[in-house]
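J.: Make a model of this:
(one chain, ligands or ions: 2)
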Amino acid sequence: MARPGHRVPAPLVRDAARRWRQRAASDHAAWVRERLAERYASETDLRTRLGLPVPPAGRPKRASPREASSVRGLHLADYPDLVLEWAWEGNADLDPARLAAGSHERVAWRCLLTAAHVWETKVADRTYHDSACPYHMGVRVHPAESLAAYFPWLALEWHPTRNALRPDQVTRASAREVVWRCEQGHEWSAPVYQRTLSGSGCPACYRLEAAARTKAGKTRARRDRDGAAMTKVVALHVLPTEGEAV
Ligand SMILES: [Zn+2]
Ligand SMILES: [Zn+2]
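T.: Numbers count the residues shown, from 1 in each chain. Ligands and ions are numbered 1, 2, ... in the order given. Predicted coordinates:
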């Protein structure tokens, strides 16, 4: 029991706060691990019941560079990992079993991790050079994963003529400096992440709103003060308060 006037030393308070934060963080980590384990178990269960193959997990890894000599005389069908990504609906009547591994034919591929990732590149790019899904490799931004998809209201403020790219061509965490235009027609420039992560808005509108707030606050204060004074005047001089002798 702390005596009146007794203060807990600041370092002890800090230690307690730090321990509390550590415990909260480890509790949370345990909770996340549990949820993931549950989810993984249910997915595995479903997969075994339906007889589905296990999809690759995590970030795609760059394939180890292939030996150039191995491409000679081979067909695309000799690369089972590439055949998995062959976009059957996009390549019409092309047959991976007849397509030379070194072919410069441009064909369509579909990402194993995200079905919406469909891209086109030469067969040789994938057999000679280890190119992978450009959307996962951060080379290209898929429109469904772009700023426009996640923050449509920011896409509305994207300046239509002063930017090289469109809002469906950048990610929501992009550090690219972009020119914005608000509803009032103010223009300013800010990196994308500042608008999405920090939620910053139009600085000119902010200044106007702050000024309006200050003005409204002053008006309110004056009205309150005048009102209070008036009440006092009325109470003192004009009307006797209820219960008081006249
Ligand atoms: Zn992908
Ligand atoms: Zn504005």
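
J.: what's the residue positioned nearest the centre of the chain in contact with, if anything?
T.: Nearest to the mean C-alpha position of the chain, counting by C-alpha atoms, centre = their mean, stands Arg172 at 5.4 Å. Listed by C-beta atoms under 8 Å, 6 or more residues apart in numbering, the contact set of Arg172 reads 146-147, 150-151, 192-193, 196. For glycine as for every other residue, the C-beta is placed from the backbone atoms N, C-alpha and C.

J.: Likewise for Thr127?
T.: 66, 71, 74, 76, 79, 82, 101-102.

J.: Among the residues you listed, which lie within helices?
T.: Of those, the ones assigned to helices by DSSP state H are Leu82.

J.: how far is the helix ranked longest in the chain from where the chain is centred?
T.: When the chain is parsed with DSSP H, its longest helix is helix 10-50. Centroid separation between helix 10-50 and its chain, computed with C-alpha atoms, centre = their mean, to the nearest Å, is 22 Å.

J.: Repeat that for stretch 106-116.
T.: 23 Å.

J.: check whether that stretch contacts ligand 1.
T.: Yes - Stretch 106-116 reaches ligand 1 (C-beta under 5 Å from the ion) through 111, 114.

J.: List the contacts of that stretch.
T.: Contacts for stretch 106-116 (C-beta under 8 Å, 6+ apart): 55-56, 60, 84-87, 90-91, 94, 99, 117-123, 126, 133, 135-136, 142, 144.

J.: before we move on, what about stretch 204-211?
T.: Contacts for stretch 204-211 (C-beta under 8 Å, 6+ apart): 182, 184, 186, 188.

J.: go with 10 Å
T.: Identification of contacts with stretch 204-211 by C-beta atoms under 10 Å, 6 or more residues apart in numbering yields 182-188, 200-202.

J.: Give me every residue in this structure lying close to ligand 2.
T.: 182, 184, 186, 202, 204-205.

J.: Let's see if you can find the most crowded of the residues you listed.
T.: Cys202 (20 neighbours; other C-beta atoms under 10 Å).
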